[in-house]
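Novice: Sequence and predicted structure, then a few things I'm wondering about:
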Amino acid sequence: MKVEWEVTLKCNYSCFYCTNLDQSLNTVTDKSQLKKFIKSLGEKYPNVEIFVFGGEPFLHPNIDYIIECFNEFNIPFVIQTNFSKKSVAVIKRIKQPFKVQVSIHPSEVKIEHLPFLFETNVEIRVIDVMYSSRQAIKYYFKVKELAKNVQHIFLTPVADFGDGFSQKLLEDYNKLRYNPNYNKFIDFEQVKHWNKYRSELWENFNPKGKPCIYNGEYFLYGPNLELYNCCYREKHNGICNHEKCFLM
């Protein structure tokens with residue numbers, strides 16, 4: 001079971017491959033609403049780790065209170081962050097314990113700025129260096145150098161949900177995965193479905209008209225706290241309506 005909450009759709013990055021373009025949903029900031037909602041997550045999904053993401057979660061004006069509520073109700077959670085300078089500044093001032101999964105976006109951050117991002121004591125569970133160009137390989141090794149205590153650091157593919165350039169990046173990523181000169185030194189993302197890496201499936205997988213592979217197992221809450229059962233922020237009847245699936 002996967003339970004996710006987009007706390008905000010706002011982001012301080014403009015990644016060319018990002019499909020999160022819908023800014024029409026209101027972000028709930030009222031503390032009483034947030035506390036009631038978080039408590040309900042723990043009651044509906046006991047012992048399930050809640051995946052908190054965005055947008056960029058640390059742009060939510062009450063992200064510190066959100067973390068406080070998760071801890072108060074003893075609900076397991078992890079926050080996905082772009083680990084930008086702006087996000088790290090917020091992370092440093094939060095006193096409550098929490099853990100993060102980090103995505104490094106080479107198209108948005110200069111490589112010389114990376115050391116600053118790792119000057120924090122927050123628990124980092126996973127780091128994904130997004131493969132937005134061959135330059136991402138340099139970023140990957142720089143991150144490996146800076147984040148020695150992080151066990152899982154991956155070079156991660158960009159989903160082909162955008163223009164033709166994203167498709168070319170995906171094809172290039174898959175070629176590198178099987179190139180011994182690269183896979184000997186790089187940990188490529190390992191997510192699989194049907195015995196294939198999701199990066200390979202993204203090249204030609206069309207789920208439209210087929211049963212949703214996450215039906216009854218995926219619950220997405222928007223920044224407005226409304227529930228959806230599709231990564232496209234939709235409510236379907238168990239049949240996919242799209243030619244692409246994020247394949248979590």
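Specialist: Cool, got the structure.
Novice: Neighbours of the closest residue to Glu123 other than its chain neighbours, how many?
Specialist: Closest residue to Glu123 apart from its sequence neighbours, by CB to CB, 6 or more residues apart in numbering: Lys99 at 4.0 Å. Every C-beta, even on glycine, is put in place using the N, C-alpha and C of the backbone. For Lys99, the count of nearby residues is 14 (other CB atoms under 10 Å).
Novice: is it true that Lys99 touches Arg125?
Specialist: Yes. If you go by CB atoms under 8 Å, Lys99 and Arg125 touch, sitting 5.3 Å apart.
Novice: Now for the two: what residues contact both?
Specialist: Val78 (CB atoms under 8 Å, 6 or more residues apart in numbering).
Novice: Distance-wise, check the residue positioned nearest the centre of the chain relative to Glu145.
Specialist: By CA atoms, centre = their mean, the chain has its centre lying nearest to Gln80, at 5.1 Å. Gln80 is 23 Å from Glu145, where distance means CB to CB, to the nearest Å.
Novice: Can you name the helix or strand that the residue nearest to the centre of the chain falls in?
Specialist: Here Gln80, judged by DSSP states H and E, is contained in strand 77-81.
Novice: Low-confidence regions, this structure specifically.
Specialist: 21-24, 162-163 (pLDDT under 70).
Novice: for the residue nearest to Glu123, what are its contacts?
Specialist: 78-79, 122-125.
Novice: go on, His105?
Specialist: Counted by CB under 8 Å, 6+ apart, His105 has contacts 13, 15, 82, 130, 132.
Novice: Those: which two are farthest apart?
Specialist: Asn82 and Ser132 (12.6 Å; CB to CB).
Novice: Give me the spatial nearest neighbour of Met248, chain neighbours excluded.
Specialist: In space, Met248 is closest to Lys2, 6.2 Å off (CB to CB, 6+ apart).
Novice: do Phe246 as well
Specialist: Cys231 (4.5 Å).
Novice: How much space separates that neighbour from Gln190?
Specialist: Taken as CB to CB, the span from Cys231 to Gln190 is 20 Å.
Novice: Looking at these two, which one has more neighbours?
Specialist: Cys231 (18 against 9).
Novice: For that one, give me its contacts.
Specialist: Per CB under 8 Å, 6+ apart, neighbours of Cys231: 218, 220, 245-246, 248.
Novice: Sort out which one of those residues lies nearest Glu112 for me.
Specialist: Phe246 (31.8 Å).
Novice: what secondary structure does that closest one sit in?
Specialist: Following DSSP: H, G, I helix; E, B strand; the rest coil, the label given to Phe246 is coil.
Novice: First-to-last residue distance for stretch 233-241?
Specialist: 12 Å (CA to CA, to the nearest Å).
Novice: Can I have the buried ones of the contacts of Lys99 as a PyMOL selection?
Specialist: Buried subset of the contacts of Lys99, written as a PyMOL selection, criterion 16 or more other CB atoms under 10 Å:
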select buried, resi 78+79+122+124
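Novice: quick check, nearest of the contacts of Lys99 to Glu56?
Specialist: Ile79 (9.9 Å).
Novice: what is that closest one paired to in the beta sheet?
Specialist: For Ile79, the beta-bridge partners are Val52, Val100 (DSSP bridges).
Novice: Pretty sure it sits against Val100.
Specialist: Yes. Ile79 lies in contact with Val100 (CB under 8 Å); the separation is 4.9 Å.
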